[in-house]
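Student: Here is a sequence with its predicted model. Questions after.
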Amino acid sequence: MHSYLLELEKKILHELEKWSNIEENVLRQKSRAKWIQLGDGNNHYFSAIIKERVHKKQILELTSPTGTVLSGQREIREEILLVYKSLMGSAATTLPIVNNDIMKRGLVLSHQQGLNICNPVTEEEIYSSLMSISDDKAPGVEGFNDVFDKKSCSLVQEEVFQAIGKFFTRGNMHKDINCTSITLVPKIASPTSAK
């Protein structure tokens, strides 16, 4: 009887640990999602983490290169835009070239591998690539994460395959697909300048 109870206790503790880990993973994923603020239930700990993360990411004051302290959102936004526009508008004076000696030391494709690279991209490759993306990645510019893309794949699959196929055959991409958002996330506490 004693060994039966020990075995039962072990089994119950194992189940408890399993469900506790599942709950922790769910809460961790929810803590990263913005929609948690719209009323989804969550415990106090993860709510505090979300609140702290939002507070840390705020830039309340910056100093411009001229020494002026900027505290208004509009002034800070204009300063950051100015810095990034200057970075994006600059061009390299020299471009590094491929060093043939180094390239010769590396792995070389066989003739068959070279031919395989030229094969058209198949719908199966596109589909498996989409499905391999992690579900809890950050949302895109439209606000949807990869779970949405995967779940709606059957509805837009043909159009997606055509667009990706055209990219690989013609080498150009629709401008909206390549749209990028720059998100500023302070890497230090209380940054003092946009740089």
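Tutor: That came through, no problem. Residues are numbered from 1 along each chain as shown.

Student: where does the chain dip in pLDDT?
Tutor: 28-43, 45, 54-57, 89-96, 138-142, 178-187, 189 (pLDDT under 70).

Student: And the helices in it, which stretches?
Tutor: 2-32, 44-56, 73-89, 100-105, 111-117, 123-131, 146-151, 153-170 (DSSP state H).

Student: okay if I get those as TSV plus mean neighbour count and distance to residue 188?
Tutor: (Glycine included, C-beta is placed from N, CA and C.) Converted to TSV, those look like this (neighbours: other CB atoms under 10 Å; distance: least, CB to CB, whole Å):
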stretch	mean neighbour count	distance to residue 188
helix 2-32	11	21
helix 44-56	12	10
helix 73-89	13	15
helix 100-105	8	36
helix 111-117	9	43
helix 123-131	13	36
helix 146-151	14	30
helix 153-170	13	38
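
Student: Distance to residue 67 added to these, as TSV?
Tutor: Formatted as TSV, the helices of the chain follow (distance: least, CB to CB, whole Å):
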stretch	distance to residue 67
helix 2-32	38
helix 44-56	26
helix 73-89	12
helix 100-105	46
helix 111-117	54
helix 123-131	50
helix 146-151	44
helix 153-170	47
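
Student: nearest to residue 63, of those helices?
Tutor: Shortest separation from residue 63 across those is recorded for helix 73-89, at 9.0 Å, computed as CB to CB.

Student: Distance from that closest one to the middle of the chain?
Tutor: The chain centre lies 23 Å from the centre of helix 73-89; the measure is CA atoms, centre = their mean, to the nearest Å.
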